[in-house]
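**Q** Here is my input; please provide its structure:
(chains A and B)
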Amino acid sequence: MRNRLMFSIFAASLAAALSAGLFAQSANPPSDAKPDPAGISRDFTGVWQYDHFHPALFPRGTTPPFTPWAEARFKATDIKVNDPNLGCLPHGVPRMMMAPTPIQIFQEPGTILIEQESLNEVRQIHLNRGHLKDLDQTYNGDSVGTWEGNTLVVDTVGFNGITMLDHVGLPHSEQLHVVERIARVDHDTLVDNFTIEDPKAYTKTWTTSQTFKFHPDWELQEFVCDRNQYAYHPLP
Amino acid sequence: MNAKPFLFVILLAALFLASSPLLAHHSTAEYEMDKTVSVVGTVTDFAWNNPHAYVYLEVKNDKGNIEKWSGELGTLGQLSRANWRRDTLKPGDHITMFGNPTKDGRQLIRIQKVILPGGQELAAQHVE
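**A** Sure, this is the predicted structure:
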């Protein structure tokens, strides 16, 4: 009798454990989720800085898939006077993720904010809606995000075409469409993979990436562009 | 104006590239990034400003004439993380600044590091 009672308790415990395990499995993120004992995979909060600065997304010796419009615009650009940053205008996306100063990421339900120290520029990523209809054209566009496992997929459209894609004057148009896949691959490393689509400027989509390192002891500084010594001459 | 005995051009200055400052506000297109020069002089002003801080120097050339030089630094955030403070340099300080010269020959450099009056080296950019 005692043995049967013990067996029943054991069997009930096993069934409870199995069902809890099955429930946990179904509640976990799908396929690409990796062990996450510290619970940080979807937590991007904090200060990050690039691990290597890429002023040019297409270094010397490589050729962007320019359309004739973009090639002419790139050749006409004098980065010493035509860079919108010289006028303290926002970097836009993706350049604000490529600047040689840190970013800080804030997460709250429904929204992720990313502040770039340079110009204290802030972009919003909306997690609970799709793109708005009849968007105004803006410097940072309209970003919406979804989670695929522990990867944040960010889709951005609605750009005004004033910004440049990198620090050497790579152009884009109002048709720019940026898709980012952002993942915290380990405690100290965040990777942002970009896919750039712009049928007016590029004959095909292309990709680039930025890797960030975690700096938990850093604070972003105020950056007001009030003593600018440079003159900005916009491209026509 | 062309006499520059205190200006030493060091080609392939790989020694300094590891601590190369990065200008957040604009490109480095106006500078010769593969050259490093040093400029020795006396600080007349230190402008602790965004988007860039600047150092202004008076430099005596080999004819005994005074040349006015300036050095461009990065943002105040970049400098703070590299242990610079608003009073790191003061008028009257005798310093050496190392950096990239301009392509058009202006008396301006993009500072990579300075040697302070006490001999301490200070890089213009936080180095891991």
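
**Q** Could you list which residues are in contact with A:Arg184?
**A** By CB atoms under 8 Å, 6 or more residues apart in numbering or on different chains, the contact set of A:Arg184 is A:40-44, A:150, A:190. Where C-beta positions appear, they are placed from N, C-alpha and C, glycine not excepted.

**Q** how much space between A:Gln116 and B:Asp34?
**A** Between A:Gln116 and B:Asp34 the distance is 29 Å, computed by CB to CB, to the nearest Å.

**Q** neighbour count winner among the two?
**A** More crowded of A:Gln116 and B:Asp34, by other CB atoms under 10 Å in any protein chain shown: A:Gln116, with 24 against 11.

**Q** Got the confidence number for residue 9?
**A** The chain I'm using is chain A. A:Ile9 carries a pLDDT value of 48.

**Q** my question was about chain B
**A** 45.

**Q** I'd like the contacts of A:Arg184 written out as a markdown table, with neighbour count added.
**A** As requested, the contacts of A:Arg184 are exported to a markdown table (neighbours: other CB atoms under 10 Å in any protein chain shown):
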| residue | neighbour count |
| --- | --- |
| A:Ile40 | 15 |
| A:Ser41 | 20 |
| A:Arg42 | 16 |
| A:Asp43 | 13 |
| A:Phe44 | 22 |
| A:Asn150 | 19 |
| A:Leu190 | 21 |
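
**Q** Let's see which of those end up in strands.
**A** Of the contacts of A:Arg184, the ones assigned to strands by DSSP state E are A:Leu190.

**Q** just the helices in chain A please.
**A** Remark: helices assigned in chain A by DSSP state H are A:2-27, A:68-76, A:79-82.

**Q** Could you report the separation of A:Asn193 from A:His131?
**A** Separation of A:Asn193 from A:His131 (CB to CB): 20 Å.

**Q** where's B:Glu72 relative to B:Phe98, distance?
**A** Counting by CB to CB - B:Glu72 and B:Phe98 are separated by 13 Å.

**Q** Sorry, slip of the keys, the one I care about is A:Gly130.
**A** 52 Å.

**Q** Of those two, give the one with the bigger neighbour count.
**A** Neighbour count, other CB under 10 Å: between A:Gly130 and B:Phe98, B:Phe98 has more, with 24 against 10.

**Q** what about stretch A:125-145, near chain B?
**A** No. Residues of stretch A:125-145 contacting chain B under CB under 8 Å from any CB of the partner chain: none, with a closest distance of 15.9 Å.

**Q** buried stuff in the helix ranked longest in chain B?
**A** Scanning chain B for the helix with the most residues, using DSSP H, yields helix B:76-81. Using 16 or more other CB atoms under 10 Å in any protein chain shown as the test for burial, helix B:76-81 gives B:76-79, B:81.

**Q** Quick one: name whatever helix or strand follows it.
**A** Sequence order places strand B:94-101 as the next helix or strand after helix B:76-81, per DSSP states H and E.

**Q** just how off-centre is the following helix or strand past that next one within its chain?
**A** Next helix or strand after strand B:94-101 toward the C-terminus (DSSP H and E): strand B:108-115. How far strand B:108-115 lies from its chain's middle: 2 Å, per CA atoms, centre = their mean, to the nearest Å.

**Q** Equivalent analysis for stretch A:67-78, please.
**A** That offset, for stretch A:67-78, works out to 26 Å (CA atoms, centre = their mean).
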